[in-house]
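A.B. asks: one predicted model, sequence on top.
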Amino acid sequence: MIETFELRKTYRIGDVDIHALRGVSLRIEQGEFVSIMGASGSGKSTLMHLLGFLDTPDEGSIRLFGQDVTGLKEDERAFIRNKVIGFVFQQFNLLNRSTAIENVALPLLYSKRDTSEVRGKAVQLLEKVGLSERLRHRPNQLSGGQQQRVAIARALVNDPLVILADEPTGNLDSAAGEEILSIFKKLHQDGMTVILVTHDEEIGRSAERIIRVHDGKIVGDTPAKKTVLRSKSPFDSSALFSPLAQKKSYTVKEFREHLNQAFRMIRSNKMRSILSMLGVLIGVACVITMLALGRGAQASVTAQLARLGSNLLSIRPGSVKVHGAFQDAAAATRLTIEDMRAIQETVPGVKRSVSQVTGQAQAVYGNRNWNTAVVGATKDYPNVRNAVPVLGRFFTEEEDQTRKRVALIGQTVARELFGDKNFLGETFKINRINFQVIGLLPSQGSNPFHDQDDIVVIPLQTAMKRVFGKDYLDQIDVEMEDENEIAAAIPEIEKMIIRRHKLRPDQYETFNIRNNATVQEALSNSTRVFSILLGSVAAISLVVGGIGIMNIMLVSVTERTREIGLRKAIGAAPRDIMAQFLVESVAITFIGGTAGVILGASLSGLISLLADWKTIIELKSILLAFLFSVGVGIGFGLWPARKAARMDPITSLRYE
């Protein structure tokens, strides 16, 4: 079954070379009961590690069923450990957070056995070793002898070809030791190959064959009995070395077990886990809240600009330099009603145009007064500026031409002057001139710098002749039929104004034309960048939380070093160990991320309610924050997982 040829193994401790094995050759048949004996430091444990594929020799070779397995990769050796070897350790090496059934079923996690077999097989073996009443007990609820029986049941669960026991009675009293030995004898009688490593003469003589090791060499190989029981059914080794058989994908069963282990770890270290989750929770909540604020600001800007119209051009007086100093724009270029009419009649693609004058004025009603913005405009103002009255009506062209004293008020003015009173038809004063309220303008919203509802709109001629005394315009708004015609219309309007006002080249800047579509795009881009910036700043807390998780996982790897060694001994490949710790890391971030999503949504709603700031939570923002948190779990859990996967099983099993 197993053959070794001139095995040599040397360990370097500091500057000293320790020759653990010095040319060991032996042959073990299937069905034998062998004890390997020797004093401490004789090399018997090193030989056991090589026979159990936990280590590789420096020189020499090992054959399994005639196949040279000396140079196998770690994944291949893990596969053979899972299929061929059943380990029983002196220290039991049971998982403290798992029940007896779960400990026994652990090797099945790394095999291709059907999930439905797991529980039944584990229960059957625990009953076989006399622990039918202890199925759900954890190791701290079992005696030393009972723990070793659980370990023996675990070693048998994958139907191994050989049991490799390292000082299995070393931590037991004599009575418990006899019980364990009787189990080994029974297994041998059933055809199992048993290799027992011990320094106890009485224990060693229980075997049929005794191999004595001293100073790294075999010094004796004496059968204690003349008969050797053989396995009743020969093993077909061809499947063992098939690449297809060794290939193992990550299964749902394995993921579920890793997830269970993750939750056990979280429960057993509650405070540490909560602190780790807290960083992720705060990070996700901040990302969602900041993105909701940014998206709300972007939507508010977009809504306000939409009220102005995306096909709108605004023509305003500019400024001119005289002797290096900027002068009043009106002194150079004063827009007129005739300019508006010329644009309307001659520039292709113009749909409507509106002339405006603006200024501040004192509005008075009864004993209330309010300083507000007054706009004089022509009849198309509500259509061009999306300001169709929500109550009453807008003034007519006739009312404009005859300088009627009628007004439409914004909702802030209505509240400050009239309160809850019905104001339609009421008369109030603007700069001591009586005006009749004929309508209420729609709400345009406000920002920290300007209240767009604090406005009064009156006929243009009334504003120019009776209120402000102006003979020029402050602004001309031009609405185009199609957004695509804006680019061609701008130079046409520029040429017309230059020609009409006979401007010199140095006076071309005395007026400007603003494209609202460009402004809308610029502001939208600004708010988008602002949202990304806010989200990026908030994401820093996620990274900090990820560093905390990495630290916790590194501590966890150190604390569970022996567990890692055990898992490798029973067949876990490096990728299995890596997957286990990655699942645990992601489980922490998943829980923290979920709580963060709830907290972020709550904070966004609270800010919107208390501060009256618009917040919009989008599904993509939640997914982005959540997936980023999971990515943090994977990214920062990768190093601890890789560290665990690369651990040497021998060193891990010996870790205290």
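C.D. replies: Received the coordinates, thanks. Quick caveat, the model's predicted, so the values are computed rather than measured.
A.B. asks: what ranges do the helices span in the stretch 1-150 of the chain?
C.D. replies: For the stretch 1-150 of the chain, the helices defined by DSSP state H, counting those that start in this stretch cover 44-51, 74-84, 100-105, 115-128, 144-156.
A.B. asks: which one is residue 99 nearest to, not counting chain neighbours?
C.D. replies: Leaving aside its chain neighbours, residue 99 sits nearest to residue 136 (4.8 Å; criterion: CB to CB, 6 or more residues apart in numbering). From N, CA and C alone the C-beta is placed, and that goes for glycine too.
A.B. asks: now do the one you found, the pLDDT please.
C.D. replies: If you check residue 136, the pLDDT there is 90.
A.B. asks: same question, residue 18
C.D. replies: Residue 18 is assigned a pLDDT of 87 by the prediction.
A.B. asks: hey, what's it bridged with?
C.D. replies: In this entry, residue 18 is beta-bridged to residue 11, by DSSP bridges.
A.B. asks: do I have it right that it meets residue 9?
C.D. replies: No: counting by CB atoms under 8 Å, residue 18 sits too far from residue 9 to count as a contact (9.2 Å).
A.B. asks: may I see the helices of the stretch 1-150 of the chain organised as JSON lines, with mean pLDDT added?
C.D. replies: Output for these, formatted as JSON lines (pLDDT from 0 to 100):
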{"stretch": "helix 44-51", "mean pLDDT": "90"}
{"stretch": "helix 74-84", "mean pLDDT": "87"}
{"stretch": "helix 100-105", "mean pLDDT": "89"}
{"stretch": "helix 115-128", "mean pLDDT": "78"}
{"stretch": "helix 144-156", "mean pLDDT": "90"}
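A.B. asks: how about these, which one is nearest residue 282?
C.D. replies: When these are compared by CB to CB, helix 100-105 sits nearest residue 282, at 34.5 Å.
A.B. asks: what pLDDT does the closest residue to residue 569 other than its chain neighbours get?
C.D. replies: The shortest distance from residue 569 to any residue other than its chain neighbours is 5.0 Å, reached at residue 87 (CB to CB, 6+ apart). We note a pLDDT of 90 for residue 87 in this prediction.
A.B. asks: residue 323 now?
C.D. replies: At residue 323, pLDDT is 44.
A.B. asks: likewise the one 5 residues further on?
C.D. replies: Residue 328 is assigned 52 on the pLDDT scale.
A.B. asks: going forward, count from 21.
C.D. replies: Noted, 21 is the first residue going forward, which turns the last one into residue 348.
A.B. asks: what's the helix or strand for residue 561?
C.D. replies: According to DSSP states H and E, residue 561 maps onto helix 536-579.
A.B. asks: in terms of secondary structure, what does the very next helix or strand once past that helix contact?
C.D. replies: Counting by DSSP H and E, the element after helix 536-579 in chain order, helix or strand, is helix 581-589. Helix 581-589 is packed against helix 94-104, helix 594-631, helix 669-673, with contacts defined by 3 or more CB pairs under 8 Å, 6 or more residues apart in numbering; DSSP states H and E.
A.B. asks: from the contact counts, what lies against the first one?
C.D. replies: The reference is to helix 94-104. Contact here means 3+ CB pairs under 8 Å, 6+ apart; on that basis helix 94-104 packs against helix 263-266, helix 581-589, helix 594-631.
A.B. asks: and the next helix or strand past the last one?
C.D. replies: Counting by DSSP H and E, the element after helix 594-631 in chain order, helix or strand, is helix 639-665.
A.B. asks: mind listing what's buried in that next one?
C.D. replies: Buried residues in helix 639-665, defined by neighbour count with 16 or more other CB atoms under 10 Å: 641-642, 644-646, 648-650, 652-653, 655-658, 660-661, 663-665.
A.B. asks: check stretch 47-67 too.
C.D. replies: 48, 50-58, 62-67.
A.B. asks: start to end distance for that stretch?
C.D. replies: Stretch 47-67 has an end-to-end distance of 13 Å (CA to CA, to the nearest Å).
A.B. asks: how close does the residue nearest in space to the middle of the chain get to residue 64?
C.D. replies: Nearest to the geometric centre of the chain sits residue 649, at 2.0 Å (CA atoms, centre = their mean). Residue 649 sits 50 Å away from residue 64, going by CB to CB, to the nearest Å.
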